[in-house]
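Student: Dropping the sequence and predicted coords here.
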Amino acid sequence: MEQISLSFRLNFTDIDLAGLNAEEDITPQEVRSIFENPKSRYLFTKDIFFIIGYSHHKRIIQVAFRVAESIYFDLDILQIEIPDEEEIEQFYCQSCQPRNENAENRLF
């Protein structure tokens, strides 16, 4: 299988990186590494996408994002977290099982 390389920009303006960095010590570079990991899992609702995968720091991170309406492939990052064991089992280990009915009403 041939891999396709996409160029995209991550937009972090909708989240508080300072607060996130203080709580979880997650950097924008670590978030980008999840998007670059081919083993990451993607989920989506009506207009919000989710990715969960291993970062370059060897920890699982979950990111909620949407594709911005622009001429570039911009991804607006909405929320970032280190998931608990139940979320890892449900969304990463079970390979893209559908989220519950309330998924589009909440992020994580």
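Tutor: Okay, I see it. Numbering: from 1, shown residues only.
Student: Contacts for stretch 69-84 next, please.
Tutor: With Cβ atoms under 8 Å, 6 or more residues apart in numbering as the contact definition, stretch 69-84 has outside contacts at 6-15, 20, 24, 26, 31, 35, 48, 52, 59-68, 91-92, 107-108. (Glycine included, C-beta is placed from N, CA and C.)
Student: Bridged to Arg41, which residues?
Tutor: Ile52 (DSSP bridges).
Student: Against Cys93, how distant is it?
Tutor: Using Cβ to Cβ, to the nearest Å, Arg41 is found at 9 Å from Cys93.
Student: ditto for Phe65
Tutor: 21 Å.
Student: if we can go back for a sec, please pick the buried ones from the contacts of stretch 69-84.
Tutor: Among these, those scoring as buried are 11, 15, 20, 26, 31, 35, 48, 52, 60-66, 91-92, 107 (criterion: 16 or more other Cβ atoms under 10 Å).
Student: And the strands in this structure, which stretches?
Tutor: According to DSSP state E, the chain carries its strands in the segments 9-11, 41-44, 49-54, 60-67, 74-81.
Student: so what does the shortest one touch, helix or strand wise?
Tutor: Applying 3 or more Cβ pairs under 8 Å, 6 or more residues apart in numbering; DSSP states H and E, we find strand 9-11 packed against helix 28-36, strand 74-81.
Student: who touches it?
Tutor: Residues from elsewhere that reach strand 9-11 (Cβ under 8 Å, 6+ apart): Pro28, Val31, Arg32, Phe35, Phe65, Ala68, Tyr72, Phe73, Asp74, Leu75, Asp76, Ile77.
Student: neighbours around the last one, how many?
Tutor: Per other Cβ atoms under 10 Å, the neighbour tally for Ile77 reads 19.
Student: Equivalent analysis for the first one, please.
Tutor: Around Pro28 there are 14 other residues, counting by other Cβ under 10 Å.
Student: Can you name the residues that contact the residue nearest the centre of the chain?
Tutor: Centroid-nearest residue in the chain, with Cα atoms, centre = their mean: Val63, separated by 2.4 Å. Val63 makes contact with Val31, Ile34, Phe35, Phe50, Ile51, Ile52, Ile77, Gln79, Ile80 under the criterion Cβ under 8 Å, 6+ apart.
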